[in-house]
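In: Would you be able to build a 3D model of this:
(4 chains, ligands or ions: 4)
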Amino acid sequence: MTTQPMNMIQALNSAIDVKMTEDPNVLSFGEDAGYFGGVFRVTDHLQKKHGLTRSFDAPISETGIVAAALGMATYGLRPVVEIQFADYIYPAYDQLVSEAAKIRYRSAGMFTTPITVRSPYGGGIFGGQTHSQSPESLFTHIAGLKVVIPSNPYDAKGLLTAAIEDDDPVVFFEPKRLYNGPFDGWHEKPVSPWKTQDLAQVPTGKYVEPLGKARIMREGADVTILAYGTMVWVSLAAAEHAGVDAEVIDLRSLVPLDIETIETSVKKTGRCVIVHEAPKTSGFGAELSALVQERCFYHLEAPIARVTGWDTPYPHAFEWEYFPGPERVADALKAVMSGGR
Amino acid sequence: MTTQPMNMIQALNSAIDVKMTEDPNVLSFGEDAGYFGGVFRVTDHLQKKHGLTRSFDAPISETGIVAAALGMATYGLRPVVEIQFADYIYPAYDQLVSEAAKIRYRSAGMFTTPITVRSPYGGGIFGGQTHSQSPESLFTHIAGLKVVIPSNPYDAKGLLTAAIEDDDPVVFFEPKRLYNGPFDGWHEKPVSPWKTQDLAQVPTGKYVEPLGKARIMREGADVTILAYGTMVWVSLAAAEHAGVDAEVIDLRSLVPLDIETIETSVKKTGRCVIVHEAPKTSGFGAELSALVQERCFYHLEAPIARVTGWDTPYPHAFEWEYFPGPERVADALKAVMSGGR
Amino acid sequence: MKKNTQPLSLRVPEPTGRPGDAPDFSHIRMDGPGVMARPEVSTTAHAMLDHAFGLIRVLDDEGKAVGPWNPRLDPVTLRRGLKAMILTRAFDERMHRAHRQGKTSFYMKCTGEEAIAVAQGMLLPREDMGFPTYRQQGLLIARGYPLVDMMNQIYSNAADPIKGRQLPIMYSSKDFGFFTISGNLGTQYPQAVGWAMASAYKGDDKIAITWIGDGSTAESDFHSALTFAAVYRAPVILNIVNNQWAISSFMGIAGGMETTFASKAVGYGLPALRVDGNDFLAVWAATAWAEERARSNQGATVIEMVTYRGAPHSTSDDPSRYRPGDEHEKWPLGDPIERLKQHLIALGEWSEAQQTEAEADAVEQVRAAGKESEAVGTLGQSRPSVKTMFEDVYSTEDWRLVEQRREVGV
Amino acid sequence: MKKNTQPLSLRVPEPTGRPGDAPDFSHIRMDGPGVMARPEVSTTAHAMLDHAFGLIRVLDDEGKAVGPWNPRLDPVTLRRGLKAMILTRAFDERMHRAHRQGKTSFYMKCTGEEAIAVAQGMLLPREDMGFPTYRQQGLLIARGYPLVDMMNQIYSNAADPIKGRQLPIMYSSKDFGFFTISGNLGTQYPQAVGWAMASAYKGDDKIAITWIGDGSTAESDFHSALTFAAVYRAPVILNIVNNQWAISSFMGIAGGMETTFASKAVGYGLPALRVDGNDFLAVWAATAWAEERARSNQGATVIEMVTYRGAPHSTSDDPSRYRPGDEHEKWPLGDPIERLKQHLIALGEWSEAQQTEAEADAVEQVRAAGKESEAVGTLGQSRPSVKTMFEDVYSTEDWRLVEQRREVGV
Ligand SMILES: Cc1ncc(C[n+]2csc(CCOP(=O)(O)OP(=O)(O)O)c2C)c(N)n1
Ligand SMILES: Cc1ncc(C[n+]2csc(CCOP(=O)(O)OP(=O)(O)O)c2C)c(N)n1
Ligand SMILES: [Mg+2]
Ligand SMILES: [Mg+2]
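Out: Ligands and ions are numbered 1, 2, ... in the order given. Predicted structure coming up:
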C-alpha cells in the first residue's frame, strides 16, 4: 500500500475519509465539525467530499450528539462523532454510561450501538483546566464501553478504523499535544514534526490496528513502563534521561486491555512504572497497578510506581509542574530501580 | 446525650432535621423529596416541620437540582439535595465534575460550594441495572469532591452532619440495602433489624463524625479487609465464615481517605482484601490496591485481592451471583492466607 | 440602589389537592369536543400556536365523534382498538396481582392511559420504531406481541427474551418496533430523533415515535431531542404523556402550572398539538396528522396527551399518601375504555353484552398466557443460565469476562 | 402500510452566506424602532407572546430615541455608558494585540456586543450577581473593576486575583458581582437561577442576571435553568446573547432558523423580550423591565439580545474561513458605540471632538493599566508561587495534596 507522511490530524482524517468512502453507513458530526472541519481540523474536507448530510455541524449539546448517534446506530448506521474537547464530554456522560454501554446488554443483543466518540484530550497546550483534561478512567470503569488512545499517526488511523468498524461503542481519545508532532515533554526544546518518524508513514488506503493489542515501543530488561497517548513519548525520553533499560509499552487501548503483553513484560523486568496525565486518585494507573500486582506479585522487586497528574484541577500557570514530564518519570524509574524505598 | 434506636433512614432524617433546626441556611430538596418525604422517606416530615420552602420537590432534572444547589451555595446556603437513585446521578455529572469540584479552585476561594448530594446506592434489592449501581469511584477521581459512605445508623447521622457542615461539596452515598437492617449478604437468611445493633443507638441531638476517619469494625491479626457500605457487613460475615482473624476496616469516607489506619493495619497483618460492589475495572478497589501496594510493599505476604462486582451491568436475575457475598469474600480471604497462588 | 418594595420570597408550587381534599382540576384548560380547527399538515408551527394551548377532542359526552379532527375510523378498527385497550387493562390487573403474590418484584400499570399507546401502536406499522417509557405496554399489546413473552420478561425466567437482564416491564422487541426500555428517564427521547434522522439519511420511509412523561420533560434529554428534531427536521412524533403526576410530584413541579406542556414545542419552532389523551379518536387523529407531516419530510410534531395516571406510580407506590383518593374518578376526561365503548354503542356497533364478553375474553387470554409463563417459572423459580450474565456486555467477551465467568464456575 | 410518496431526506441547515458570498440577513425578523408596545411588568407571559417574536428598539436611524421603551436616561448616564463601551473596546484591542505579541496564550473580544454587558452592568448594582459567559467583560469595566486586575488574570502573573488557575479572560470577582467564569458552556445559567432562589429563600432583595450564547442555548443547562426559574419563580434575568455565530456554526445550527431564541421562553411560561442588542437604550429599558419584574417577586424574564459577533470567536479562530468577510459591516443593527454616540450628538450632549478625546482617554487608561500589569509580568514571565497549585482544591489540604506538594518540592 502506498504510504505518505502524515501528522496525527491527517491520519485521523484519512481514517474517517476512507471509511466514509467505503461504507455509506458511516457519517460524522459534531460541534464545528462540518463545514469548518472541526476546531482541530480532523474532519476537514469531509463535507465537501462526502456531502452535507454525511459530515455536518451539530448543536452545542454533547448529550444530544451522543444520543442522536445512538439512535442512528440502532438504525444501522456507524456514526463517528466529535466532542470538541474531552473536558466537554461530561454533559454526554449519562448517554454514554446509561445507554451506549448498556443497550446491547439490556436488550440481549437485539439493539447494538456501534458509535465512535472522538475527542481531543490531555494537556501541554496551555489550555487551562477546561481544555486539558484526561478523563479516560471515568470510561474504563463502565462495562460496555471501549476506550482507545493512540500515540502516533500510524496507530491513530489504524485504531480509529478499528473503532469505527467495532460493533461496540468506542470512546476514542486523541492526545491533542501529539496532533502535530511527537512531544516528549522537554517543553523548552523545539518539537520535531511527525514527518521525521517511522510511525508517521501512514498508508493512504485502509488498514486496521486491532483494539486490545499494546505496542512495545522500546524493548528493555530493567523495568516496564506502561503508558498511553502523550506519555508514551515522555516515557521514552525519561528512559533515556534516566539511563535505564526500560521496556516502554504503549497500551493503545485501555479497554480491552492487552494484559498478556503487560504481564509478560513485568514478569521479565520485575519492575513497573505507570505514567498518565490524569489525576492520580482513581486514575487508570490505579487499575493497572492493581492488575500488575495481582498477576506479577511474586516477580516484583520493587513497588509499582505511578507518575501522574496531581489531584488538583489542571492549572493554567503551572502547566509544566502539573504535566508529568521526563524528569518526574526518570525519578520514578531510578526510585524503582533502587527498590522504591 | 439521649440516644434512641434508629434505622438508617431515621438516622439520616434526624441529621438533616437537626441541621435544619440549627441553621436556617440548610435546606433540602429533590425529586419527591418534599411533601412525600422521598421514595425512601429519608426527608419525611421535614416539609411539615420546617416549611414548604425548606424541604421541597424538585423537577426531574438531576443537573438542575445540583446546579441550583450550587448557585444557592455560592449565595451562602447549605443545600442538601437528593438524587433519587445513584443510577440517576449521571445527568448531574457535569455540574458535579466541572462546577462543584472546581469553583473554589478556579476562583481562588472567592466562591465556594458547600453542597451535600445524597443518593441511595448499591444492590441487593432486586432493583435491576438502574436501581443498583455503585458509582463511587467516578467521583473519587474528581479532585475537589469528597465522597462519603456510611455503613450504619450512628455513622450515617454523624457523617451526614459533617457533610452538611463541610465547606466542600460532598457526595454522600447511602447503601440502600442497609436502610432497614445490617445486611451481611447471607440473602437467604432473615435480616435482623437495626435496633439490635449498638451502632443503631443514635443520639437524638447533634454530633459529628469527622470525614476522613475510618472505623475499625473488627480487630484482627491475619489480614486486613477494606470495605465500605453494605460490604462492611458482608466482610464481617465472611471473616467469620472463613474462620480467619481479619481486621475489618470500614473506610466511611473514600475522599478524604484515612490512609494512616489502612497503612497501619496492613503493615500489621501483611495481607489485604478489598471488597466493593461496583464493577472491578477502575473501581475504588483499584486505587486502594495501588495505595496499599505503594506503601506496604515490603510488608505484603500475598498479593492484595479484590472482591467486587463483575464487569457487567447489574443483572436483575443474577443479583446474588453479581453481589459480592460472604462466600466470595471468604474464598478471597483463604486464598490470601495461602499466599494467593 | 435597590428598588424592592418588599422582600423576595421563594415560591414552591403546590397541587390543588392533597389527601382529604376535594379534587380540583379547574387549572387545566379544557376545550369542548370539536372546537379546535384542523390545520393543513403543511402549516408552520408559528401559524398554529393555538394548538399548543387548546385541546383537540373528538368524542363528546354522548359518545358522538364531532369536529374536523374526527378520523372517521371504520367499526372494525374501533373494535380492535377497544379490545386492545381492554386486553391491556386486563394484563395490568393480572400482573399487579402477580406482584402481590410474590411472582415478580415490580410492576407498573398504565390504567387510564391505554388509548395513547394502543391507538398509536395500531396506526403506525411495526417498521416505525417506538421509543417508549414504561407505560406503553399498550403498543406491544396492540401490535399482537405475545403476552407470554411480556410475562417471561416480568418473571425474569428462562424464557425471558432479554435473559433476566432488566427490571420487570422493561421490554424490548425490535420486531415489534419497541425499543429497549431504559430505567433512566428521558434518554430515549433524543435517541428516537437520531433513529429518525438515520431513516432520513438513508432516504428510507420509516419514522420514529417516542413518549415521555410530564415530569420527565424537565430532563436534559427532552431539550436535546427537540433541538435536534427541529434543526435536522427529523421524521419523529414526540409525545408528552401528561398524566398529571410524576410519582408524588404533581405536574406543577415540572412547570405545568405556568403553561401547557405542548407549548414547549414553540421555542423550537416545532408544531404542537394538545390532545385529549383519553379520547381514542383524538389520539388517532392527532397521530395521523403528525405521521403525515413526518412522512412527507416536514419534520417532527410534539403532541401533549392530556390524561391521568389512574394507578399508583408502580407497585412500590401508594398515592393515597399524596393525592386525593377520588381524583381519578373526578378526572374530567373520563376513562378511555368507557368512552370508546360508549362511542361504539352509540354507533350501534357494540353492546354491553359484547363488552362483557370482550372483558372475559381478555381475562382468559391473560390467564392462558400466565399459565404458560408460570409453567416456565416466576421470579427466582426459573431463570436463564448464569453464564448469560457475562454475555452481551461486548460483541465478544474480553479476558476479564472470561476470567470472571470462570470464577463463578460457569 | 407505509404512506410515503417520496423518500425522506435529512435536512442540515446552512447559513445564507459563506466566504465569497454577499451577506444576507433577510431571515432575521427586524421591526422598526418604537413599534413594540411596552406591556405592564405584571403581564402574563401568555398575554405578551408577541414580544418573543418582535424586536424592541428605541434608537432610530437618526439616533433619536422613540417609542414606549425609551428609558429616558439622563445625559450623564448616557455618557458614562458610551465611555464604558469605548473603554471595553479599547481593552479588547490591546489584549488582542497582546496575544499577537506572545504576552498571553488566548483572548476573546466582544466587539459589537458592548452595549449589552455595559448597560446591564450599570443598571444593576454589584450586589446583584452576574453569571457571565466570556463576552461580558463590559460588566466589569462598566462597574469600574480595575483593568490591571483583568490583565493580571490574562497574564496569569503573580498578581492574578485567581492565582493563575484559569485560562485568560476567565475572570472572577465576588465584590463586583461577577461570578467565576466557567470554560464549560451553559453551566452558569441554572446556577444563576439557584443563586436567585437563595435570595428569595432568604427574603433578601438581590436578583441574579446571567448570559448565554445563541449556540449554547442547545446545552442541557439552558433547559434546567428555565425550568427551575419558572417553577420556583426565581428573581433572575436570563439573557440570550444571539450574536449569530457559535464559533463557525451559524445560529441555525442551534435552531435559530426555526423560530426566535426569545420564543424558547414560551414553553416554560416565562415572559420573553426580543431586543436590539446593539441599541444601548433598548438593552437598558428591557433590562429595567425584567429587573422590576424580578424585584417585585414576579419572577424571571428571558431576554434575547439580537447582536452580531464582530470579532473572531477567539484568538484561535479565523472567521474568514466560514463566513462572508463583510458580514459585520452589513449587519443591519449597526454598531452599539456608533449608535449611542450618534444619539448623544443628536441630543446635543456630545461631539466628534469629545468622542476622539474619549477614545484617546480609553487607550491611555488601558495603556497605563497595561504598563502596570506588564511590570508584574506577562504569561510565563511571572506567576504565583508554585505551591498555590495545591491550594483551594479543598477547604483544607488533604494528605494527598501535602504529599504531592512535597514531591514538587514546594
Ligand atoms: C434519570 C432518572 N431520574 C429519576 C428517576 C426516578 N423516577 C422513575 S419514574 C419517575 C417519575 C416520572 O414521572 P413522569 O415522567 O411524569 O412519568 P409517569 O410515571 O407519570 O408516566 C421518577 C422520578 C429515573 N427513573 N430516572
Ligand atoms: C460544554 C462545552 N462544549 C463546547 C465548548 C466549546 N466552545 C467554546 S465557545 C463555543 C461556541 C459558543 O457559541 P455561543 O454560545 O453562540 O457563544 P458566543 O461565542 O457566540 O458568544 C464552543 C462550541 C465549551 N466551551 N463547552
Ligand atoms: Mg407523569
Ligand atoms: Mg453566539
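
In: Okay, strands next: where are they in the stretch 1-150 of chain A?
Out: Here the stretch 1-150 of chain A has its strands, by DSSP state E, counting those that start in this stretch, at A:3-5, A:26-30, A:55-57, A:78-82, A:116-121, A:146-148.

In: could these go into JSON lines alongside mean neighbour count?
Out: C-beta: built from backbone N, CA, C; applies to glycine. Shown next, in JSON lines, are the strands of the stretch 1-150 of chain A (neighbours: other C-beta atoms under 10 Å in any protein chain shown):
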{"stretch": "strand A:3-5", "mean neighbour count": "14"}
{"stretch": "strand A:26-30", "mean neighbour count": "26"}
{"stretch": "strand A:55-57", "mean neighbour count": "28"}
{"stretch": "strand A:78-82", "mean neighbour count": "27"}
{"stretch": "strand A:116-121", "mean neighbour count": "27"}
{"stretch": "strand A:146-148", "mean neighbour count": "27"}
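
In: would CSV of those with distance to residue B:76 be doable?
Out: Below are the strands of the stretch 1-150 of chain A laid out as CSV (distance: least, C-beta to C-beta, whole Å):
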stretch, distance to residue B:76
strand A:3-5, 59
strand A:26-30, 40
strand A:55-57, 41
strand A:78-82, 40
strand A:116-121, 36
strand A:146-148, 41
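
In: Quick one, which of those strands gets closest to chain B.
Out: Set against chain B and scored by C-beta to the nearest C-beta, the strands of the stretch 1-150 of chain A come closest in strand A:146-148, at 9.8 Å.

In: The following helix or strand past the closest one vs strand A:26-30, what angle?
Out: Counting by DSSP states H and E, the next helix or strand C-terminal to strand A:146-148 is helix A:153-165. Counting by axes from the mean of the first three to the mean of the last three C-alpha atoms, to 10 degrees, helix A:153-165 points 110 degrees away from the direction of strand A:26-30.

In: Helix A:153-165 vs chain C: in contact?
Out: No: Helix A:153-165 stays clear of chain C (C-beta under 8 Å from any C-beta of the partner chain), getting no nearer than 10.9 Å.

In: Of all the strands of the stretch 1-150 of chain A, which one is nearest residue D:271?
Out: strand A:55-57 (31.1 Å; C-beta to C-beta).

In: Is residue C:329 part of a helix or strand, or is it coil?
Out: helix (DSSP: H, G, I helix; E, B strand; the rest coil).

In: Count residues in the vicinity of the residue of the stretch 201-350 of chain C found nearest ligand 1, would you?
Out: Minimum separation of the stretch 201-350 of chain C from ligand 1 (C-beta to the nearest ligand atom) falls at residue C:213, amounting to 2.0 Å. Residue C:213 has 26 neighbouring residues, counting by other C-beta atoms under 10 Å in any protein chain shown.

In: Residue C:170 versus that one, what's the distance?
Out: 15 Å (C-beta to C-beta, to the nearest Å).

In: From the centroid of the chain, which residue is nearest?
Out: Picked chain A for this. Using C-alpha atoms, centre = their mean, the residue of chain A that lies closest to the mean C-alpha position is residue A:149, 1.6 Å off.

In: look at chain C instead
Out: Central residue of chain C (C-alpha atoms, centre = their mean): residue C:136, at 4.1 Å.

In: Next up, the contacts around that residue.
Out: C:110, C:116, C:117, C:121, C:130, C:178, C:211 (C-beta atoms under 8 Å, 6 or more residues apart in numbering or on different chains).

In: In the stretch 151-300 of chain C, what residue spans correspond to helices?
Out: Using DSSP state H, counting those that start in this stretch, the helices found in the stretch 151-300 of chain C span residues C:188-201, C:220-231, C:280-295.

In: show me what contacts the residue of the stretch 101-250 of chain A found nearest chain B?
Out: Chain B sits closest to residue A:141 of the stretch 101-250 of chain A, with a gap of 3.8 Å, by C-beta to the nearest C-beta. Counting by C-beta under 8 Å, 6+ apart, residue A:141 touches B:137, B:138, B:278, B:279, B:281, B:282, B:283.
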